[in-house]
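Colleague: no sequence on this one, just coordinates:
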């Protein structure tokens, strides 16, 4: 039951976050007063290096990363990208406004709480992966049955013992000098 809940939770988080990224990517690319030029100007205004490259990279990551999250492909890499994007957004755009996204009167403040939430979701995807319902799961390699015997050589000395408190070693080898 626990495995099902984890997979279901990751699926819902992936679909929601992927949808947000995809929506932002489409809006940044084609929305009113948007586009690569507007985003480049915004990056240049705050002094970000390589504003043109940063604008294209952001839009492409939002579009491709959003699709990858939705289908569950390369989820750990997208998670790292989401962390990096969130850190850069906070560093360049919203650190000065404090944590609050909205002011007390409900007007936009521009704080960094939204970017922190997306960064934490990225950390979740990096740590846990995509879950059971994903393309990543199709490519997960299973350990061959014959390899389990080879792992015994790497276990600590007390791991081979059947009793937990015992300090005796099983399977120890003696070496005779030649």
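Modeller: Perfect, thanks for sending it. Because the structure is predicted, anything quoted here is derived from the model rather than measured.
Colleague: Name all residues that make contact with the residue nearest the centre of the chain.
Modeller: Nearest to the mean C-alpha position of the chain, by Cα atoms, centre = their mean, lies residue 79 at 1.7 Å. Counting by Cβ atoms under 8 Å, 6 or more residues apart in numbering, residue 79 makes contact with 121-127. Where you see a C-beta, it was placed from the backbone N, CA and C, and this is true even at glycine.
Colleague: How about residue 41?
Modeller: Contacts of residue 41 by Cβ under 8 Å, 6+ apart are residue 51.
Colleague: what do you get if the cut-off is 6 Å, keeping everything else the same?
Modeller: For residue 41, the contact set (Cβ atoms under 6 Å, 6 or more residues apart in numbering) is empty.
Colleague: how about it, secondary structure?
Modeller: helix (DSSP: H, G, I helix; E, B strand; the rest coil).
Colleague: any idea of the pLDDT on it?
Modeller: With respect to pLDDT, residue 41 has a value of 91.
Colleague: where exactly do the helices run in the protein?
Modeller: Remark: helices assigned in the chain by DSSP state H are 2-30, 36-45, 51-71, 75-89, 113-128, 135-138, 147-150.
Colleague: Mind listing what's buried along stretch 45-61?
Modeller: Of all the residues in stretch 45-61, those buried under the rule 16 or more other Cβ atoms under 10 Å are 48, 51, 54-55, 58-59, 61.
Colleague: Sorry, wrong one. I was asking about stretch 19-29.
Modeller: 20-22, 24-25, 28-29.
Colleague: low-scoring stretches of this structure, by residue?
Modeller: The model of the chain has pLDDT under 70 over residues 143-178.
Colleague: Try it again at 80.
Modeller: 31-33, 96-97, 101, 108, 140-178 (pLDDT under 80).
Colleague: All set, thanks.
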